[in-house]
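In: Let's see this in three dimensions:
(2 chains)
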Number of protein chains: 2
Amino acid sequence: MTAPPAQDLLALDPAAQDLLFRRARTANTFTDEPVDDDQLRAIHDLVRYGPTAMNAQPLRVLLLRSAQARARLLPYVSSGNRVKTAAAPLVAVLAADIDWHERLPELFPHRAQARDGFAGDPDGREEQARLNAALQIGYFLVGVRAAGLAAGPMAGFDPAGVEREFWPDGRHRVLLLMNIGRPAADAWRERLPRLSYPEVVRTL
Amino acid sequence: MTAPPAQDLLALDPAAQDLLFRRARTANTFTDEPVDDDQLRAIHDLVRYGPTAMNAQPLRVLLLRSAQARARLLPYVSSGNRVKTAAAPLVAVLAADIDWHERLPELFPHRAQARDGFAGDPDGREEQARLNAALQIGYFLVGVRAAGLAAGPMAGFDPAGVEREFWPDGRHRVLLLMNIGRPAADAWRERLPRLSYPEVVRTL
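Out: Here you go, the predicted model:
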C-alpha cells in the first residue's frame, strides 16, 4: 500500500497549494500593470498575523514607487538584478528594526519589562531582529502570492549602501529586496531542483 | 467610497486565509493525537518550493519523536517552554546548514562556481544560511498550518547547547524550536496586538 499523494494529506485545498507554492515561481520580468496600495494593504492585513518571538514584529517595508526613489536604490543593486529592478511595477525593501524592543510594552504587555533587558543588549537585539524579520519576509512572500501577484526576491545588493541611503539613522538592517507585479510571458526560468525529504528531515 | 474588505482583494480564498493566518494561532498545548511521518512528508512536499537565494535551501529539520531524544533537548529549553515541549506530540528543531555552498553545483548549476567563492567566506555563508533558513521556517510554519496542524514556535532555548547535543560537527546553527500537533481546548492565549499598515509600510 502506498501513501496517498502529498496534496491529499493537507487541509489546504489544491488550488491554494498551487497558488502559494507548487505553481508559484520567482518572477524575473513583469507586465506594466501597476500594484496599488489597496493590494499591499490587503497583503499586510493577512500576513501581520504571522507569529514572531515576543510578538515583536520587527519587519519594516519600504515601497519604492516614484522614479526618483527607484533611482536612489539602483546603484546599490548588483548588475544582474538592476534591469529587472528598474522595470518592476513595485520594489519593496525589506528591513529589520533593531530597536524593536521599544514597542514591547504595547506588543507584549505581560512581559513589558523585557524592553529594559534588551535595551543593554544591541547584539542580541540585532540577532532577534534578523531572525524574526526573515520569518516575516517568508510570510510576506506567501502574502504577495495570496494576492495573485508574483514576487521576485533578491539578495544581490549592497545592504550597507541601501541602509545609508534610506535609513540614515542606523536603526534598520536591510535583509532583502523584492520586485512585485504580474509576471510577464517570459518571467520564469527553469525550475531548479529541490532537496528531498531525507536530505532535509532527520528523525530521532 | 471605501475600499473593499482586505480578504476580497486577495486571490486566496477566505477559508485558506483563515487556515493559514487569520484564525491560525500559536498553540501552547496539544491533544495526544500523534503527528505522523506522512504528514511531515506532505508539508515538506509543499513548502520545499519556497524560494531561497541561489536555491541553496539551507534549512535542516530534526524531528524529536522518541522519549530519549526529547529528554536530550529539554535541559536546553527555557523553563517557561519546558512543560509544553515535553508534552507536544512532535518537536521540530529548525537549523541552518552553514556548509550549504557544497550543494550549489547541483542546486544552482548555472553558477556552480559560486561554491568556491563561498568556501573562503564562512561569515558570509553563516549570514546567508541564517537569513534563508529563517525564510524557509516561515514557509514551514505556513505548511504546518496547511496540514491542519498547529505550530508552537519557540525562541527561548540555548542554541549553543542544542547544537552541541545534536550537531556536534559544528556545521549547523539552531534557529528555532517548534512544537507541532492538534491544539488542545486550552491551547490559545489572547491574541496580541499587531502593528498597523502605516507602522510597518512606508512609500517613497
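In: Smallest gap between chain A and chain B, at which residue?
Out: A:G138 (1.9 Å; CB to the nearest CB). Yep, even glycine has a C-beta here, placed from its N, CA and C like the rest.
In: element containing that residue?
Out: Secondary structure from DSSP states H and E places A:G138 in helix A:122-146.
In: Just give me how far that helix sits from the chain centre.
Out: Offset of helix A:122-146 from its chain centre (CA atoms, centre = their mean, to the nearest Å): 7 Å.
In: Now that helix: buried residues?
Out: A:125-126, A:128-146 (16 or more other CB atoms under 10 Å in any protein chain shown).
In: which other helices and strands contact that helix?
Out: helix A:37-47, strand A:59-64, strand A:90-97, helix A:114-119, strand A:150-154, strand A:172-181, helix B:122-146 (3 or more CB pairs under 8 Å, 6 or more residues apart in numbering or on different chains; DSSP states H and E).
In: Do me a favour and average the pLDDT over that helix.
Out: In this model, helix A:122-146 carries a mean pLDDT of 97.
In: can you tell me which residue is nearest the centre of chain A?
Out: Geometric centre of chain A, nearest residue: A:I137, 2.7 Å, by CA atoms, centre = their mean.
In: in chain A, what secondary structure element scores lowest on mean pLDDT?
Out: Ranked by mean pLDDT, DSSP states H and E, the helix or strand of chain A with the weakest confidence is helix A:114-119, at a mean of 91.
In: Any part of it near chain B?
Out: No. Helix A:114-119 does not reach chain B (CB under 8 Å from any CB of the partner chain); its nearest approach is 11.2 Å.
In: Would you agree the residue of chain A closest to chain B is in contact with B:V142?
Out: Yes. A:G138 is within contact range of B:V142, at 7.4 Å (criterion: CB atoms under 8 Å).
In: Just say helix, strand or coil for the residue lying closest to A:Y49 once chain neighbours are set aside.
Out: Ranked by CB to CB, 6 or more residues apart in numbering or on different chains and with sequence neighbours excluded, the top spatial neighbour of A:Y49 is B:F21, at 4.5 Å. Secondary structure state of B:F21, per DSSP: H, G, I helix; E, B strand; the rest coil, is helix.
In: if I pick B:F21, what's in contact with it?
Out: Applying CB atoms under 8 Å, 6 or more residues apart in numbering or on different chains to B:F21 gives the contacts A:L46, A:V47, A:Y49, A:G50, A:Y139.
In: Confirm that the third one sits in a strand.
Out: No. The assignment for A:Y49 by three-state DSSP gives coil, which leaves it out of any strand.
In: For chain A, give me the ranges with low pLDDT.
Out: A:1-3 (pLDDT under 70).
In: So what touches stretch A:164-176?
Out: By CB under 8 Å, 6+ apart, stretch A:164-176 touches A:60, A:62, A:72-73, A:76, A:93-99, A:126, A:129-130, A:133-134, A:137, A:153-155, A:157, A:159, A:162-163, B:131, B:204.
In: Quick check: PyMOL command selecting the buried ones in those residues.
Out: Those of the contacts of stretch A:164-176 that count as buried under 16+ other CB under 10 Å are selected in PyMOL with:
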select buried, (chain A and resi 60+62+73+76+93+94+95+96+97+98+99+126+129+130+133+134+137+153+154+155+157+159+162+163) or (chain B and resi 131)
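In: Apart from its chain neighbours, what residue comes closest to A:G138?
Out: Counting by CB to CB, 6+ apart, B:G138 is the residue found nearest to A:G138 once chain neighbours are left out, at 1.9 Å.
In: same deal with A:A150?
Out: The shortest distance from A:A150 to any non-neighbouring residue, by CB to CB, 6+ apart, is to A:A27 (3.6 Å).
In: Equivalent analysis for A:L73, please.
Out: A:L64 is the one closest to A:L73 (CB to CB, 6+ apart), at 5.8 Å.
In: Then A:L20?
Out: A:R145 (5.1 Å).
In: circling back to that earlier point, the least confident helix or strand of chain A: which residues count as buried?
Out: A:R115, A:F118.
In: just the CA coordinates of it, formatted as PDB?
Out: What follows is helix A:114-119 as a C-alpha-only set of coordinates in PDB (Å, rounded to 0.1, in the frame of the first residue of the first chain):
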ATOM      1  CA  ALA A 114      11.700  42.600  28.600                       C
ATOM      2  CA  ARG A 115      12.200  46.000  27.000                       C
ATOM      3  CA  ASP A 116      14.700  47.000  29.600                       C
ATOM      4  CA  GLY A 117      16.700  43.800  29.400                       C
ATOM      5  CA  PHE A 118      17.100  44.200  25.600                       C
ATOM      6  CA  ALA A 119      18.000  47.900  25.900                       C
END
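In: who does it touch, helix- and strand-wise?
Out: helix A:104-107, helix A:122-146.
In: on that earlier part again, pretty sure the residue nearest to A:A150 is in a strand, no?
Out: No. Counting by three-state DSSP, A:A27 is located in no strand; its state is coil.
In: Do I have it right that it meets A:P153?
Out: No. Using CB under 8 Å, A:A27 makes no contact with A:P153, being 9.9 Å away.
In: count of neighbours near the closest residue to A:P51 other than its chain neighbours?
Out: Nearest residue to A:P51, sequence neighbours excluded (CB to CB, 6+ apart): B:T26, at 4.8 Å. Here the count is done by other CB atoms under 10 Å in any protein chain shown, and B:T26 has 22 residues near it.
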